[in-house]
Structure formats: C-alpha cells, structure tokens
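>>> here is my input, please return the structure:
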Amino acid sequence: MIRKKQNENINNKMRVSFDLDEVLFVFPETHKTEPPLKFPFNRIFKERLRLGTPRLINRLQDMGYEVWVYTSSFRSEAYIKSLFFLYGIHFDGIVNGTRHLKEVQRDNKETLPQKVPSRYRISLHVDDETVICTLGRQYGFNAYQLDAQDDDWEEKIVERAEQIKRREFSL
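Sure thing, here's the model as predicted:
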C-alpha cells in the first residue's frame with residue numbers, strides 16, 4: 001500500500017523544464033543576473049544566471065513540481081549539475097542535445113524539433129525561441145516564452161504552471 005501511494009505521488013508530479021541559453025543563462029549587459037560564482041569556480045563556469053533562478057527553481061520544487069533542464073546545447077549533464085549545485089539547485093532531470101538525439105530523434109527519418117518536452121512528460125517548457133513555443137500544440141506540451149528582461153518572470157512562470165496543473169489534474 002505504501003509503495004502504491006508513493007508511485008501515485010510520483011506519477012502526479014507535474015514537470016516544468018527550462019532551456020538554458022537566453023533563459024537561465026543570460027548576459028549581464030542585457031539582463032539582471034545572480035552574483036558571479038567565487039574564484040576558482042568563476043573560471044570554470046562562465047555562464048551567468050538570470051536573477052531569481054535559484055529562488056524560482058527551489059520554490060517550484062517546494063510546491064511539488066519536478067524541475068528539469070531541456071536544452072539543445074551539448075553541455076554535459078555533469079557540467080550542468082555542477083554549475084547549478086554551486087547555486088543551491090538540484091534538477092530532477094536533464095535533457096541535453098546528446099540525450100535528445102539519442103532518445104527523441106533516434107532513427108526517425110523526419111527531423112523532429114530540437115526539443116520535444118512531451119516525450120519526457122514535461123507539461124510546461126520555458127524557452128526563448130518562438131519556434132519551440134509555437135510547436136507546443138503540435139507536439140503536446142505547453143510553453144512559456146521568456147527572452148527579454150522581466151522583473152516579474154518568476155511569478156508569471158509559477159502562475160502559468162499552476163494554471164496548467166489545475167487543468168491537467170482536474171481531468
């Protein structure tokens with residue numbers, strides 16, 4: 001009975017994923033950013049996180065969401081985990097370009113989009129690319145487009161995730 005209850009909880013967790021470049025990794029010249037990592041880590045990890053990233057990801061997880069990275073970049077999973085660990089973030093799943101090609105594109109003769117979050121049961125994907133966001137309906141996922149500096153981005157994403165969660169879990 002306990003195992004069944006645990007499995008139900010796992011299956012009922014909604015997944016939210018984030019792209020890296022221009023979404024979580026941004027340029028200080030165009031976006032507000034988290035403070036850079038301290039030496040020597042700032043020499044290894046040059047990317048800068050959008051201001052509020054650790055707070056938002058930890059908040060979503062505290063609210064019961066699984067939070068994933070889904071990126072078309074070929075940064076290794078170890079690199080991504082290590083960088084975010086230094087900011088106090090642990091992702092529930094990571095899909096990079098290598099994993100996407102292996103698990104999603106595989107032997108398909110038709111070229112699929114560089115991200116198909118629904119293949120990983122991701123309900124909401126946050127991305128900067130219009131083409132990825134517009135393909136959501138066709139490929140069965142919801143998208144939130146985030147590119148420019150937005151001081152309210154955290155609240156908007158939480159609100160969007162809650163809307164989707166209410167809709168999905170009320171069925």
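>>> so how far is stretch 106-113 off the chain centroid?
Relative to its chain's centre, stretch 106-113 lies at 22 Å (C-alpha atoms, centre = their mean, to the nearest Å).
>>> hmm, who's touching it?
104, 105, 131, 132, 135, 139 (C-beta atoms under 8 Å, 6 or more residues apart in numbering). Quick note: C-beta positions are derived from backbone N, CA and C, even for glycine.
>>> in it, what counts as buried?
residue 113 (16 or more other C-beta atoms under 10 Å).
>>> show the average pLDDT along that stretch.
For stretch 106-113, mean pLDDT is 80.
>>> and what of stretch 134-150?
Mean predicted lDDT for stretch 134-150 stands at 93.
>>> same thing with stretch 59-66?
For stretch 59-66, mean pLDDT is 98.
>>> what's the end-to-end length of that stretch?
11 Å (C-alpha to C-alpha, to the nearest Å).
>>> then stretch 93-108?
End-to-end distance for stretch 93-108, by C-alpha to C-alpha: 23 Å.
>>> same question, stretch 137-148
Across stretch 137-148, first to last residue, C-alpha to C-alpha, it's 23 Å.
>>> how about it: buried residues?
For stretch 137-148, by 16+ other C-beta under 10 Å, it's 139, 141, 142, 143, 144, 145, 146.
>>> flag the shaky bits of this structure, pLDDT-wise.
1-12, 170-171 (pLDDT under 70).
>>> contact partners of the longest helix seen in the chain?
Criterion DSSP state H: the longest helix present in the chain is helix 153-169. Here helix 153-169 makes contact (C-beta under 8 Å, 6+ apart) with 12, 14, 16, 50, 52, 55-56, 59-60, 63, 65, 123-124, 126, 142, 144, 146, 150.
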